[in-house]
Structures are given as structure tokens and as C-alpha cells.
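Participant: generate coordinates for the sequence data below:
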Amino acid sequence: MRHSPKRLTLLDWLVLLGLLALTGCIFYRLAFSLNYKWNWPIIPTYLIRFDSQQQRWVANVLLQGFFTTLKLSFWGMLLATILGVFMGLMRISPRLAPRLASRTYVEFIRNTPPLVLVFLFYYFVNDQVLSHFEIETFFRQSSPAVQNLLAFVASEPESLSPFISGVMTIGLFQGAYICEIIRAGIQSIPAGQWEASRSLGLKKWHLMRLVILPQAIRIMLPPLAGECINTIKYSSIVSIISIQELTFQGLQIMASTQATIEIWLTITLMYLLLCLSLSLAVHRLEIHLNRSVY
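Facilitator: Numbering: from 1, shown residues only. Modelled structure (predicted):
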């Protein structure tokens, strides 16, 4: 069934003109009314630089921070997804103990500021737990190939412990919200689907994998995409423990150049590019899944 294109009404034009006027006013204030000396030419120099030893262009501190943000977000989201699925299944368990454990985890995380969790994991887990495994020492003594691989997928050996602390903080914080999304998605499937599957003699695992989860995933996809985007944005909070992600690198540049607004605008555009790309990719995936149903 085709829907006729909607025409813009007078109210739509007025809202559009108001937004354009507001945008123009903001740009005018920034460009002319603000008593600020702009220094945009320094931005490209902090994105890429020419390495005389390697004789090629390489990423400078802003792009390095951007790549660290990508790695933090990827590993944090992976940990959050695993933990969220596990805890979400515990939340719908018929037994009291798993439900109570997962509920305690969710309520503790959702009612604790992420900044507190960052310090908790950095000063306790990093000093009291990770230090006993001597992870940094192990990778420092490993071959250059292993160190290069570790730097590519995670962090340099000397900053690995703070990186792991940051990943654990992001994963545990986001895992609580993913847990609730998993629980709500599974419980939204009508009871008739469960009863029909059981009447066919399907075991619990096959029932969940073949009948319930394929339907629940379509329901869970939009909020899960929102949590992926939130993971990218929350990764900036670990800059307080000196993880050299995008926000930390921006603060370092601002301290040395005093180019405050230029750096913040550049960081904002880089986060916007990353989050918007992910949002568009998930939107296309959602359209593909809806087409496969019909």
C-alpha cells in the first residue's frame, strides 16, 4: 500500500524557518559577536602528521584518540552484550535466586553514577585484582608482533590496565540497561507463541532460539541501537583515568593551544559522525528485517 507524500503545511514552514533563523543566529554569534580569536588551521595538524622516519602520513593525537574511542566502545559493548544477555535470561528465570541476583545487579548499576563506577574499578579492580595477574608485564615481555597486535585491537602494554578498567566500567554500566532490554523483549512475545512451541515438543533452548528470539530481536533492535550509541558517548567518561581516548586528547590539546571552541566543535563532529553512521546502519538493518517478515 502506497502512501501519498505529505505536503508541508504553513506550520511546518514556520517551524523550519524558525530553526534556520536560530541556526543562523548561533553561527553569527560564534563568528562575529564572540570575543574570540579563531585558530582553525591547527585542527588538521592534530588529525594527521607526516612521519619522517616512516616517510608516510600517520594519525596524530586526535585521530589516535578517535581510534581508542572505537576500541573502548567495541570491547565495552561486547562485554555489555554478553553480560546483558546472561543477566536478561536470569531475569526471566522461574527460580528466585537468579532473578534476585540479576535484579540486584541492575538496581545497583542503574542507581550508581558512572563516574563513581569509573573510580571504583580503577582504584579497586585495577590495583587489587588486575595487578596480581601482571598483564602489563606479560605483554611487555612478549614479541613485537604480539605487542603490535595488542596495540591495534586494544592499547599499548603500558596503558593496558587502565584500558581494561575502562572497558569493564563501560561494559558493566551498559550491561544493566541491555539486561532490561533483553528481558522486556522476550517477555513481549505473546503467551500463545510459548504454548504453541511447547505443544510441538520443543525443548527450552530450541524454543528460545527458533521461536522466541527471532521475534524478540526485531523488538529489541531499536533500543539496543540506542545503547550502542550511548556506549560510544559514555566512553568519554574514562578520560578521567587518563585513558587517551578522544575527549582526553582534546583536553590535552586545549591545554597547550588554548583553541577551546575549535577543539570542542571538532570532537563533537567526530562523535556525531560515528554515532550517526551507527544509527543509519541499524536503521537499514531494521528495514531489512522488516522486509524479511513480509
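
Participant: lowest-pLDDT helix or strand in this structure?
Facilitator: In the chain, no helix or strand scores lower on mean pLDDT, DSSP states H and E than helix 131-133, which sits at a mean of 70.

Participant: what's next to the helix or strand that comes right after that one, contact-wise?
Facilitator: Next along the chain after helix 131-133, taking DSSP states H and E as the criterion, comes helix 135-140. Defining contact as CB atoms under 8 Å, 6 or more residues apart in numbering, one finds that helix 135-140 is touched by 146-147, 150, 157-158, 160-161, 164. For the C-beta atoms, the positions are set from N, CA and C on the backbone; glycine is no exception.

Participant: if we go to 6 Å?
Facilitator: The contact list for helix 135-140 (CB atoms under 6 Å, 6 or more residues apart in numbering) reads 150, 157, 160-161.

Participant: what is the mean pLDDT for it?
Facilitator: Mean per-residue pLDDT for helix 135-140: 73.

Participant: which strands or helices does the helix or strand that that helix is followed by pack on?
Facilitator: Once the chain leaves helix 135-140, the next helix or strand it forms, by DSSP H and E, is helix 144-153. With contacts defined as 3 or more CB pairs under 6 Å, 6 or more residues apart in numbering; DSSP states H and E, helix 144-153 has no helix or strand neighbours.

Participant: list the helices and strands the helix or strand where I263 lies packs on?
Facilitator: For I263, the enclosing helix or strand under DSSP H and E is helix 260-293. Judged by 3+ CB pairs under 6 Å, 6+ apart, helix 260-293 is in contact with helix 213-234, helix 246-257.

Participant: need the contact partners of the longest one.
Facilitator: This means helix 213-234. Contacts for helix 213-234 (CB under 6 Å, 6+ apart): 73, 76-77, 170, 174, 177-178, 181, 185-186, 188-189, 274-275, 278, 282, 286, 289.

Participant: for stretch 201-212, same thing?
Facilitator: If you take CB under 6 Å, 6+ apart as the criterion, stretch 201-212 is touched by 189, 197.

Participant: no further queries at this time; thank you.
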